[in-house]
Every structure is written in structure tokens, then in C-alpha cells.
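Chemist: no sequence for this one, just the structure:
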């Protein structure tokens, strides 16, 4: 596994744990709570989405993320 893959996987784990503890949240809330860059946040959400671990719903002009 490359160093970048490890970083993205680690960020995905942080997001998964955050959602497990706090429930549904917006990407902005997740980013602020975990102190991630936009790039890392969306790479990690893509990872979780590809692994079918999260549900991402559009709500008006934003999104909400929750665990499956």
C-alpha cells in the first residue's frame, strides 16, 4: 500500500469513527471536527463510498453523510 493510500485509508477510518459516535453530519461539520483538508475529506469519503460504508444524500444545496 502506498503512503498516500495509507493516509486516505486512515482519514476514512477517522470519518467512520466520527460518524459512528456522532451520527449523520454534513461534510463541512466532519471537516471542521476532524481538522481535515477538503482534498483529504473528499478522498476519504470516496473511499468509504466505494467500500459501501456510507450513505451520502443531497439536502437542498448541501450533503449529509451517514453510516450504512
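Modeler: It's in. Just so we're clear, the structure is a prediction, and the values are computed from it rather than from any experiment. Numbering: from 1, shown residues only.
Chemist: just the helices in the chain please.
Modeler: 3-22, 27-34, 38-50 (DSSP state H).
Chemist: residues contacting residue 63?
Modeler: By CB atoms under 8 Å, 6 or more residues apart in numbering, the residues touching residue 63 are 26, 27, 56, 57. For glycine as for every other residue, the C-beta is placed from the backbone atoms N, C-alpha and C.
Chemist: same question for residue 20.
Modeler: Shown in contact with residue 20 (CB under 8 Å, 6+ apart): residue 67.
Chemist: now swap in residue 48 and tell me
Modeler: Applying CB under 8 Å, 6+ apart, one finds that residue 48 lies in contact with 12, 15, 16, 54.
Chemist: correct me if wrong: the first one contacts residue 47.
Modeler: Yes. The pair residue 12 and residue 47 passes the contact test of CB atoms under 8 Å, sitting 4.3 Å apart.
Chemist: more neighbours: those two, which one.
Modeler: residue 12 (22 against 19; other CB atoms under 10 Å).
Chemist: so where's the protein uncertain?
Modeler: Scanning the chain for pLDDT under 70 picks out nothing.
Chemist: any idea how far the residue nearest the centre of the chain is from residue 66?
Modeler: Computing the C-alpha centroid of the chain and ranking residues by CA atoms, centre = their mean puts residue 45 first, at 3.8 Å. Note on residue 45: its distance to residue 66, by CB to CB, to the nearest Å, is 12 Å.
Chemist: fine by me, we can end here.
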